[in-house]
Structures are given as C-alpha cells and as structure tokens.
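Asker: Provide a 3D model corresponding to the input given below.
(one chain, ligands or ions: 1)
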Amino acid sequence: MSEASQSTADLGFVDPQERRGSGVIKWNRYPDRVIPAWVAEHDLGPPPAVVERLRELVDLRAFGYHSAADDVGPAFSRWATQRHGWTPDPELVLPTANVLQGIWACVEALTDPGAGIVFSPPVYPPFLDVSPTTDRRAVHWPMTLTETGWQYDLDALAGLLEADPGISLLLLCHPHNPTGRVLTTGELARIVDLAHEHDLTIVSDEIHSDLVYGDSTHIPMLTVPGAASRTVAVTSGVKTFALGGMRCAVAVCGDERLRSAIGTIPAELLGAPNRLGCEASITAWETGSDWTDQLLTLLDRNRRTLFNRIVAELPEVTMFLPESTFVAWLDLSAYDTGDHPARWLRHMTGVAGGNGPNFGPGGAKHVRITFGTSPELLDEITDRIINGLRD
Ligand SMILES: Cc1ncc(COP(=O)(O)O)c(C=O)c1O
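Answerer: Here you go, the predicted structure:
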C-alpha cells in the first residue's frame, strides 16, 4: 500500500523498518533494538492528501522559483478559523522557514541587546539558546510543581517584571512542551495585563495548539482582548502533520507596527519557506481537519494508556496526564539515574526519551516520552518502561 492510498482507518499503523528507511533522525540515531520516543515528532502523518500533492509536484519538477508563500497566510487563517475560531488577517501573517526562525526574528526585531527574555523552564530546549545566541538575558519564570501537575505562577511573573524593568519579551510556550499544560482564559488575560503594565512583547509559540484534549481548549493568544498590539504568535503545521523537515511556518503579527518591525530584517537574512513546505502545509490546512480529528482520537487513547499504566503499574514514576501535545514528562527521581536520565532509561529499557536536564531548571531526573506513535508501538514502549524499571 502506498502512503498516498492510506485511509484514515490506517492512521494507527507504523512500520519501524519503513520509518528507519525514510532517514528521519528520530528513527536513525539509535540502534534498531531501541524504540525512539525522543523527538517531538509523531509517526502517524502526514495525511495522504499531502503526500499526493508532494508527489504531483515532484512529477511536475516544480522546483523553480515560486510564489507559494503568498498562499500560506490565507490557508493558515482559514485553518485557524476552522479549528480555533480565530481569523488572523492574512496580511499580518509572515511565512517563515520554521517556528524557531520566527522566534529569533522577533527577538532581533523587537528587543535590544541586553534585554531580558522571560520564559518558563523546564521548556523546549532551544528556548534556552535564545539568550546566548542573541546577546539578550535569560530570565527564568519556572513552572511550579503542584499535587495536580505543573502550573504557571502568575504572581511570580508579576514579581519578576516588577523587579527587572529590563525584561522586554515573554516567550510563551502555549501549549507547554514538555508538561502539556494549557493556559486558561484567566491566565492569558493576566499575562496581557502584565504585558501592558510592564511594556512587554509576547511571542506565543503555538505549534502544539492543534493537539489539545478533553476539557481543555486552546485559546490563541491573539484572541485575548488587548493582546494584539503586543503579540506575535508563531506556529506551523509541523507537529500536527509530521512535517518537521519541510520548512514552512508562520509568524502572525498582532498589528501593522509589529509586522513592520519584523520587516526591518532584510528578506535575504530572514529567509523564506520552500515550495514543497508551503504546499504541504497549505494542503494539510485545507484538507486535513477530519484527519486531525482522527489523529486526536488516537493520541488521546495513547496518552491515557501510557498514563493509566504508569500510575497503576509503576507508581515510583510520577506522570501527569498531559492536557495537550503528544509528549509525556516522566519524573524518575525515585531512581539513581545519574545526570543523564535519558541515557539511563535507554540502557534500562531500550526506549530513547528526551533528556530532562536539556529542558533547563526543573528538568533534572526527568525524561520526555513521545507517545505519538501506533498503539502497538506505544504498548511496547510502555511494557519496556514498566518491565525495565519495576523491581
Ligand atoms: C514548542 C516548540 N516550538 C518549536 C518547535 C520547533 O519548530 P520548528 O521546527 O518549526 O522550528 C518545537 C518542536 O519540537 C516545539 O516543541
């Protein structure tokens, strides 16, 4: 069966040999005996229509200069309307090569050297690279661990902003990788109030926003009253549709002032998405809503399976049910993992996870496990973790 003829009913099938043969880094870093659950990339996509479109473009040798980026903003705007009830103005959508490029562009264009950039560790590791690579200061607003899971402490953010007037940008991971925490309307409103009070720009990384479960709802930062004049949202179809190597993302500016400021970066320096990435994203956004619903059903089942089994069969490991994303954040502090818990886990179980300390303060003794795979492989991952760590 070719991938293009795959139906949504086949969505939950993953062939490890085919994945390794594809050359993706997730499946090729470790020996074949190791199951990879370390990269935040699921094994289930992209939707067949995307593969079909890419095949057409290859057959057409459509590799010349192109204007496909012009269609990215309108396609994203329709997707955001359909999935999140948010209709960004396509004129304010800047296509970028990837989300991180959008973040770095915002830091360069919207802050000065020496400015404080505040973010919430433990967090997606590249956030920790912003400060050393841009001559800005990292200010940590740590996630706090409570009995019910990881939370944002808004009073702590207020305290940081009060104490340090040099903080000029909040880099929000919304939803939060690796904890899966989803910000509520009240929390977002408070953040916007603080942004006005302390002259703060908000860069809201919403790359995981399509993948929110159950009773939680993703509220796009740019729909929060008062946010527009201070916010750039950066996102893409990469996580939803498994398009990490395709290089197409968007930076959605809240208003013309922010758009113009980012526009001061020379186009040649900023770069641009490539044709295949644009077309893959556009096709996914235009045709992928039902497929995304199927994906969410499968991922929801996976997150519950992993959570229920860890809680019941391995109580030494603490895990909270993620509200979003396809990653689980496991606390292994009951074990003597040393300072590289992911390596320790790999040796103990044959499962490769993301190494907690790489996520900054709060990450010690933790491993991030990607559960975005087939139910069959997830069972194998879960069996290995439970059997490998149980006394
Ligand atoms: C929160 C977050 N932002 C950005 C990215 C990467 O996006 P891109 O590859 O488009 O830079 C990831 C990937 O894991 C992520 O989790």
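Asker: who's Asp205 bridged to?
Answerer: Applying DSSP bridges to Asp205 yields these beta-bridge partners: Cys173, Val234.
Asker: For it, give its distance to Pro113.
Answerer: 22 Å (C-beta to C-beta, to the nearest Å). C-betas here are computed from N, CA, C, even on glycine.
Asker: So for these two, which sits in the more crowded spot?
Answerer: The residue with more neighbours, out of Asp205 and Pro113, is Asp205; 27 against 9, by other C-beta atoms under 10 Å.
Asker: wait, doesn't that one sit right on His176?
Answerer: No: in terms of C-beta atoms under 8 Å, Asp205 does not count as a neighbour of His176; the distance is 9.4 Å.
Asker: Okay, strands next: where are they in the stretch 201-350 of the chain?
Answerer: According to DSSP state E, counting those that start in this stretch, the stretch 201-350 of the chain carries its strands in the segments 201-205, 231-235, 249-253, 327-331.
Asker: Give me the contacts around the second one.
Answerer: Contacts to strand 231-235, defined as C-beta atoms under 8 Å, 6 or more residues apart in numbering, come from residues 76, 88, 96, 99, 102-103, 106, 110, 195, 201-207, 209, 220-222, 249-254, 258, 262.
Asker: cool, the third one as well?
Answerer: Residues lying outside strand 249-253 but in contact with it, judged by C-beta under 8 Å, 6+ apart, are 72-73, 76, 88, 92-99, 101-102, 105-106, 207, 222, 232-236, 238, 259, 262, 273.
Asker: one more time with 6 Å, if that's ok
Answerer: 76, 88, 92-96, 98-99, 102, 232-234, 236, 259 (C-beta atoms under 6 Å, 6 or more residues apart in numbering).
Asker: Keep only those of the residues you listed that are also close to the ligand.
Answerer: 98-99, 236 (C-beta under 6 Å from any ligand atom).
Asker: Now do the same contact list for Ala69.
Answerer: Each residue near Ala69 by C-beta under 6 Å, 6+ apart is listed here: 95, 272-273, 278.
Asker: Run through the neighbouring helices and strands of the longest helix seen in the chain.
Answerer: The single longest helix within the chain, with elements called by DSSP state H, is helix 289-313. The contact analysis (3 or more C-beta pairs under 6 Å, 6 or more residues apart in numbering; DSSP states H and E) places helix 289-313 against helix 375-389.
Asker: pLDDT of the helix it packs on, averaged?
Answerer: What helix 375-389 shows for mean pLDDT is 98.
Asker: the inter-axis angle of that helix versus strand 327-331?
Answerer: 10 degrees (axes from the mean of the first three to the mean of the last three C-alpha atoms, to 10 degrees).
Asker: Packing partners of helix 375-389?
Answerer: Counting by 3+ C-beta pairs under 6 Å, 6+ apart, the packing neighbours recorded for helix 375-389 are helix 289-313, helix 341-349, strand 351-352.
Asker: coming back round to it: list the ones among the ones next to the ligand among the contacts of strand 249-253 that fall in helices.
Answerer: Using DSSP H, those in helices are Val99.
Asker: what about the stretch 1-150 of the chain, any weak spots by pLDDT?
Answerer: 1-9 (pLDDT under 70).
Asker: Now with 90, please.
Answerer: Across the stretch 1-150 of the chain, the ranges flagged by pLDDT under 90 are 1-12.
Asker: if we can go back for a sec, could you redo the strands of the stretch 201-350 of the chain as TSV and give each row mean pLDDT and distance to Leu183?
Answerer: Output for the strands of the stretch 201-350 of the chain, formatted as TSV (pLDDT from 0 to 100; distance: least, C-beta to C-beta, whole Å):
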stretch	mean pLDDT	distance to Leu183
strand 201-205	99	9
strand 231-235	98	13
strand 249-253	98	17
strand 327-331	98	17
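Asker: out of everything not next to it in sequence, what's closest to Pro46?
Answerer: Nearest in space to Pro46, with sequence neighbours left out and distances taken as C-beta to C-beta, 6 or more residues apart in numbering, is Phe241 at 4.4 Å.
Asker: Could I get the contacting residues of the one you found?
Answerer: 45-46, 284.
Asker: if we go to 10 Å?
Answerer: 42, 44-47, 50, 210, 280-281, 283-285, 288, 291-292, 295 (C-beta atoms under 10 Å, 6 or more residues apart in numbering).
Asker: burial of Gly116, as a residue count?
Answerer: By the criterion of other C-beta under 10 Å, Gly116 has 20 neighbours.
Asker: Enumerate the beta-bridge partners assigned to it.
Answerer: Counting by DSSP bridges, Gly116 is bridged to Arg137, Ile167.
Asker: Go ahead and confirm Val99 touches Val238.
Answerer: Yes: using C-beta atoms under 10 Å, Val99 makes contact with Val238 at a distance of 7.2 Å.
Asker: And these two? Which one has more around it.
Answerer: The neighbour comparison of Val99 against Val238 (other C-beta under 10 Å) goes to Val238, with 26 against 21.
Asker: ok, the closest residue to the more buried one other than its chain neighbours - how many residues close by?
Answerer: What sits nearest to Val238 in space, not counting adjacent residues and going by C-beta to C-beta, 6+ apart, is Gly244, at 5.2 Å. Per other C-beta under 10 Å, the neighbour tally for Gly244 reads 17.
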